[in-house]
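Trainee: need coordinates for the following:
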Amino acid sequence: MSVDTTVRILGIDPGSRVTGFGVVDVCGQRLVHVSSGCLRIKGDDMGERLARIHAHITEVVAEHRPQELAVEKVFVHRNVSAALKLGQARGAALAAAVGAGLAFNEYSPNEIKQAITGRGHAEKQQIQSMIKILLGLTSLPPSDAADALAVAICHGHVRATRARLARATGHTA
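Mentor: Coordinates of the predicted model:
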C-alpha cells in the first residue's frame, strides 16, 4: 500500500435513530470530501429501522464504491439498553458494507478524537469545526455526519502511518 495512492474510505457513525456516513478520498496528506449525510429514522419498530440502515448503507456503498471501511467501536457508558440498540444498528450497517466485500477497521471514540483534534476528549462542536477545516467545507456538517467523516479520516491517518512503518522496516503493509 502506497501512501501516495488515493484510497476511498467510508466512515460510519451508527445509531438506531440517526446513522451518519462520510466518504473521503485520502491521497498522502490530502483529504477530499466525497459525500456525507445522515439517515434519520422514525418509528418504533426496531426491525424496520435496522432494515432501513442496511438498505441505506448498501446504497452508499454502491454509489460511492469505497475501498475501505471504518467504524467507531461500541462502548457502554451508562445505558446498557441504548448500547444494545447501538450495537444492532452498527451490525446492520456493517452487514451491508461487509456484504459488499469491505473489511472493516474499528477505532475507539478517544482514538478518533485524538486523530482529528489532537485531544482524546474533544467535544462534538470541536469535531465538527475540525472536519470543516480539514475538508475545506463551507459550513459545519451535521454532528453525526461529522463523526462519520472523523472515523474515515482517523482511518486514513492510521493506514498512512502503517504504510510508512512498513516501508521503514522493509515489510509490506
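
Trainee: quick check: closest non-adjacent residue to Gly120.
Mentor: Leaving aside its chain neighbours, Gly120 sits nearest to Asn110 (3.9 Å; criterion: Cβ to Cβ, 6 or more residues apart in numbering). For glycine as for every other residue, the C-beta is placed from the backbone atoms N, C-alpha and C.

Trainee: any idea how far that neighbour is from Ala122?
Mentor: According to Cβ to Cβ, to the nearest Å, Asn110 and Ala122 sit 9 Å apart.

Trainee: please apply the same query to Leu31.
Mentor: Separation of Leu31 from Ala122 (Cβ to Cβ): 18 Å.

Trainee: that older thread, looking at Asn110 and Ala122, which is more packed in?
Mentor: Each of Asn110 and Ala122 has its neighbours counted (other Cβ atoms under 10 Å); Ala122 has more, 19 against 14.

Trainee: so what's that one up against?
Mentor: Contact analysis of Ala122 by Cβ atoms under 8 Å, 6 or more residues apart in numbering lists 113, 116, 130.

Trainee: and Gly11, that one's in a helix?
Mentor: No: membership of Gly11 in a helix is not supported by DSSP: H, G, I helix; E, B strand; the rest coil, which gives strand.

Trainee: I'd say it and Leu149 touch.
Mentor: Yes: in this structure, Gly11 is within contact of Leu149 by Cβ atoms under 8 Å, at 5.9 Å.
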